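1. mind looking at a prediction? Sequence and model below.
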Amino acid sequence: MGFFSKKLNYPELDSDNPATDQVHEFDGPLQELMGQVSDTLEVVPADDHAYVFIGKPPKKFGVAMIENGAVQSFIAAAKEKGLDQAKIQMLNEQLRDAYMHNLDAQRYKTSVGGKEVVVTPCPQLDQEVKQIMSSMSN
């Protein structure tokens with residue numbers, strides 16, 4: 001079953017969905033990220049940024065941010081801000097909780113650079129992740 005488990009069982013993201021344009025604004029950085037990881041990407045697009053859950057949230061995952069055309073991992077951002085391992089772990093748990101709060105959000109699939117990605121156009125999830133990310137500065 002391993003081969004088929006990679007298939008994304010979500011409806012296709014329709015071209016008239018506003019999330020389509022948001023996701024494709026980040027095609028370059030998403031393709032760059034795809035070159036670095038082999039896991040599934042789940043994009044939470046917004047107007048000026050996107051968050052990307054990498055792997056299998058809510059169990060085993062990482063998070064990256066795309067802003068101003070650049071990709072930065074959550075861990076790299078946390079270390080850059082001088083956060084210790086305990087604080088990083090706490091924030092990671094908050095990211096897991098944010099994902100869990102929004103498990104029922106509509107998810108779609110689309111193709112970026114010839115690979116399928118999951119798209120979750122969920123303002124609530126975006127807001128929760130943004131709040132967690134901004135708490136790194138405090």
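-> Right, received. Where do you want to start?
2. against residue 116, how distant is residue 32?
-> Distance of residue 32 to residue 116, computed by Cβ to Cβ, to the nearest Å: 17 Å. (Glycine included, C-beta is placed from N, CA and C.)
3. next: residue 10.
-> Distance, residue 10 to residue 116, by Cβ to Cβ: 9 Å.
4. any stretches of the protein with poor pLDDT?
-> Confidence mapping of the chain against pLDDT under 70 gives the ranges 1-7, 138.
5. what's the overlap in contacts for residue 10 and residue 116?
-> Overlap of the contact sets of residue 10 and residue 116 (by Cβ atoms under 8 Å, 6 or more residues apart in numbering) consists of residue 109.
6. who's in contact with the one helix or strand residue 28 maps to?
-> In the assignment (DSSP states H and E), residue 28 maps to helix 27-36. Helix 27-36 is contacted by residues 23, 41, 43, 50, 52, 54, 64, 66, 69-71, 112-113, 115, 117 when judged by Cβ under 8 Å, 6+ apart.
7. now do the phi/psi pair for the residue lying closest to residue 48 once chain neighbours are set aside.
-> Nearest residue to residue 48 in three dimensions, chain neighbours excluded: residue 67, at 7.2 Å (Cβ to Cβ, 6 or more residues apart in numbering). Dihedral pair for residue 67: phi -150, psi 140, per degrees, to the nearest 10.
8. hang on, isn't residue 67 packed against residue 47?
-> No - using Cβ atoms under 8 Å, residue 67 is not in contact with residue 47, being 11.3 Å away.
9. flag every buried residue along the helix ranked longest in the chain.
-> When the chain is parsed with DSSP state H, its longest helix is helix 85-101. Judged by neighbour count using 16 or more other Cβ atoms under 10 Å, the buried positions of helix 85-101 are 88, 91-92, 94-95, 98-99.
10. from residue 66, how far out is the residue nearest in space to the middle of the chain?
-> Centroid-nearest residue in the chain, with Cα atoms, centre = their mean: residue 52, separated by 1.5 Å. Taking Cβ to Cβ as the measure, residue 52 falls 7 Å from residue 66.
11. more neighbours, residue 67 and residue 47?
-> residue 67 (15 against 10; other Cβ atoms under 10 Å).
12. bridged to that one, which residues?
-> residue 49, residue 70 (DSSP bridges).
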